[in-house]
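> One predicted model, sequence on top.
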Amino acid sequence: MAARWHALTDAYHDTPLLRRFAVLLVVVLAFLFPVFMGSVGVDDATFAEVYVLLALGLNIVVGFAGLLDLGYAAFFAIGAYTAALLASSHFAVNRTSFHSLLLTVGPGGIHVNFFVLIPLSALVAAFFGILFGAPTLRLRGDYLAIVTLGFGEIVPKVVENLGDGNSLGLPNITNGVNSITGVDSPPNIDLGPIHWTFQTNDPRPWYYLGLIIVIISVIIIYRLRDSRLGRSWVAIREDEIAAAHAGINITGTRLTAFALGAAFSGFGGLLEASRLANVSYDQFLFTVSVTILTMVILGGIGSIPGVIVGGIVIAYMTQTWLTTVASWVHSLGDGLHKGPEPVSTIGAWLQSLPVTSAKPMIFGIILVGIMLLRPAGLWPEQRRARELHPDTEKTLEEEQAELYTVRTGEI
Amino acid sequence: MAEPVQPPMLETRDLSRRFGGLTAVGGLNFEVRLGEILSLIGPNGAGKTTVFNLISGIYPPTSGEILFQGQSIGGLKPDRVRRRGISRTFQTLRLFDNMSVLENVLVGYHSRLRSNLIGDMIKPPWVTRAEHEAVERARSTLEALSPRLLSRQEFRAGDLAYADRRLLELARALVSEPSLLMLDEPTAGMNPTEAAEFMQRINRIHADGYTILLIEHNLGVVMGVSHRIVVLDYGEKIAEGTPEEVRQDERVIEAYLGRKATAT
């Protein structure tokens, strides 16, 4: 099965026509998705979109630039809090009042238009990316991982402690443990046949909005990957000294990766904050960083389609599939319980199993299984696939050709 | 042959580098003149590669100066040195093994490609055009060195035969048309035929107008190709001159050639 899958991804990479058709098909299906799904399904899909955005961003840092970031949720938090603070009633301004299409300030709080927040949240997250990255990106490998782990711990802690009556004597900035509620929804959109009203009872507009942001992000990330900058990231990952001698500014290039990665999590944070209308520090703890990293690794580190697949699979697994599996076990127990004596005992045992609390264990087993079967990820990047599986038929042929020219001494 | 009236392309003044108690390079003065091939030779541990590392910016000098085209470059980071126009290869090959042959050369062109973040994201026509030009550049550099390498432009660099990998590293250093090309034992690990072929290529590159600073162990190769030779021993210059002069220098024979004089 693994070989067949390989053949499939190879065909995808080698035939541009097939690739275009496949991409078109996926995009069309993604747009039609809400037509076939109920609102719960669409809501789950929107959740997956947020995580796909995060995984795409982290992939720039970990996959392209090769920097292990264990505190990526910090930037997710910064993006979400940027949206929450600038588009809610949290900061009431009593002295002046100002109203316009893009910005409203007054006793009802600061309300920046959602479409202004899209670039703004990315910029703020990128700014913090640079702020955290500048002093630390000289570190490498494990050392950098530990420092980023620290960021991931510090940011939620700071948010938690900058609420009302904080010990620093600062004004209430983040509302602390009480979280920020009533985050604005995007303004309603009325464009020809499109009528999007962003309400909590209809997830479809959110889904489409998220989809558009994901598509634009994917296009930008592809272009970055194939640019001078993208090449520099790979070169640094491959051999730092040789890269520096080729004229690449190591620290600057790494910093760009860090800032860009942060920027995409800013999009994710904004989408999540306005979708849930509620932002709390405990949405951004270490588990979130690890979950996003798992998406990147399980999907295929460095591979854009892989990371998208990884993001969708993990988001669905944590959100719905595990609950479904749990209910399967219980309904199986129900069924068996009706049977004759030995079977009914098993049924009773299955019924009494604490499947819900065993969800993390099931999750872990599935992850281990996938990584054993596909160590390079569900959809590996070609470069890394070649690295991990050098003895495919293609490389064998090439090596034999090589041997031949060496023997004959032909130049 | 070298013309003494030309100003030096590269000059070191009392260049020293100490590692702890060890003086790898001590008070070294030498110059590379425009358009010449200068070879740096010496026994193992004489400090040749240290000199290269100092010039290319891997570590700063402990004391002394490095002047390139009249400007001090001592202590600059490698990427800055490269942008001034010095490129180098490594004694132990340092290719980007998992990148394609073409990509390796394109990375070498990095310092000549102007682009910025927004340009890379939006890809306006001028960025695309510059990128196309870079690819053309990289291809013609590969072709000039070895048509076979060009026909393998999509190969993974790590999959190439050894001599081809050496050539690829040379292509990566050449593509940005450096003012000074530094080669650290380019024929190391090659058989005599390959080495001779490689040196022919070096001669051709020199004929294109490049100034070359060469470290070489293979004395036959050095004598044949260099205009001048600087001999190092224990981090100090013990002789300097044309191959003929160096060959007859007593200190050189004692320190280095003595063991091999009959062989050359």
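Yep, that arrived.

> contacts, neighbours, all on C-alpha from now
Fine.

> Which single residue of the stretch 1-150 of chain B ends up nearest chain A?
B:Asp79 (3.8 Å; Cα to the nearest Cα).

> which residues does the nearest residue to that residue once chain neighbours are set aside contact?
Of all residues not flanking B:Asp79 in the chain, A:Gly247 sits nearest, at 3.8 Å (Cα to Cα, 6 or more residues apart in numbering or on different chains). Residues in contact with A:Gly247 (Cα atoms under 8 Å, 6 or more residues apart in numbering or on different chains) are B:78-83, B:108, B:110-111.

> ok, now A:Gln283?
A:Ala77.

> confidence score at it?
Predicted confidence (pLDDT) at A:Gln283: the value is 92.

> what do you get for A:Thr256?
95.

> Assign the closest residue to it other than its chain neighbours to helix, strand or coil.
Excluding the flanking residues, the one nearest A:Thr256 by Cα to Cα, 6+ apart is A:Ile130, at 7.8 Å. Per DSSP: H, G, I helix; E, B strand; the rest coil, the secondary structure class of A:Ile130 is helix.

> Show me the contacts of A:Gly247 that map onto helices.
If you go by DSSP state H, the contacts of A:Gly247 have B:78-83, B:108 in helices.

> got the residues of chain B near chain A?
Selection of chain B residues close to chain A by Cα under 8 Å from any Cα of the partner chain yields B:56, B:58, B:78-83, B:87-88, B:94-99, B:103, B:107-111, B:113, B:115, B:117, B:120-123, B:146, B:148, B:159-161, B:172-173.

> a helix runs through B:Ile212, doesn't it?
No. B:Ile212: not assigned to a helix; according to three-state DSSP it is strand.

> where exactly do the helices run in the stretch 151-264 of chain B?
B:162-174, B:192-207, B:219-225, B:243-248, B:250-255 (DSSP state H, counting those that start in this stretch).

> Throw those helices into CSV and include mean pLDDT and mean neighbour count, thanks.
Converted to CSV, the helices of the stretch 151-264 of chain B look like this (pLDDT from 0 to 100; neighbours: other Cα atoms under 10 Å in any protein chain shown):
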stretch, mean pLDDT, mean neighbour count
helix B:162-174, 93, 23
helix B:192-207, 89, 15
helix B:219-225, 82, 16
helix B:243-248, 88, 16
helix B:250-255, 81, 15
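
> Quick check: which helices or strands does the longest helix seen in chain B pack against?
Looking across chain B with DSSP H, the single longest helix is helix B:125-145. Applying 3 or more Cα pairs under 8 Å, 6 or more residues apart in numbering or on different chains; DSSP states H and E, we find helix B:125-145 packed against helix B:101-108, helix B:147-151, helix B:162-174.

> just how off-centre is that helix within its chain?
22 Å (Cα atoms, centre = their mean, to the nearest Å).

> neighbouring contacts of that helix?
Against helix B:125-145 from outside (Cα under 8 Å, 6+ apart): B:102, B:105-106, B:109, B:113, B:115, B:119-120, B:149-150, B:167-168, B:171, B:174-175, B:201.

> For it, C-alpha coordinates in PDB please.
The C-alpha trace of helix B:125-145 is given here as PDB (Å, rounded to 0.1, in the frame of the first residue of the first chain):
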ATOM      1  CA  PRO B 125       7.300  40.800 -13.600                       C
ATOM      2  CA  TRP B 126      10.700  42.200 -12.700                       C
ATOM      3  CA  VAL B 127      11.200  39.600  -9.900                       C
ATOM      4  CA  THR B 128      10.200  36.800 -12.300                       C
ATOM      5  CA  ARG B 129      12.500  38.200 -15.000                       C
ATOM      6  CA  ALA B 130      15.500  38.500 -12.600                       C
ATOM      7  CA  GLU B 131      14.800  34.900 -11.500                       C
ATOM      8  CA  HIS B 132      14.800  33.800 -15.100                       C
ATOM      9  CA  GLU B 133      18.000  35.600 -15.800                       C
ATOM     10  CA  ALA B 134      19.600  33.900 -12.700                       C
ATOM     11  CA  VAL B 135      18.500  30.500 -14.000                       C
ATOM     12  CA  GLU B 136      20.100  31.300 -17.400                       C
ATOM     13  CA  ARG B 137      23.200  32.500 -15.700                       C
ATOM     14  CA  ALA B 138      23.400  29.300 -13.600                       C
ATOM     15  CA  ARG B 139      22.900  27.200 -16.700                       C
ATOM     16  CA  SER B 140      25.600  29.000 -18.800                       C
ATOM     17  CA  THR B 141      28.000  28.700 -15.800                       C
ATOM     18  CA  LEU B 142      27.400  25.000 -15.600                       C
ATOM     19  CA  GLU B 143      27.700  24.600 -19.400                       C
ATOM     20  CA  ALA B 144      31.000  26.400 -19.500                       C
ATOM     21  CA  LEU B 145      32.400  24.200 -16.800                       C
END
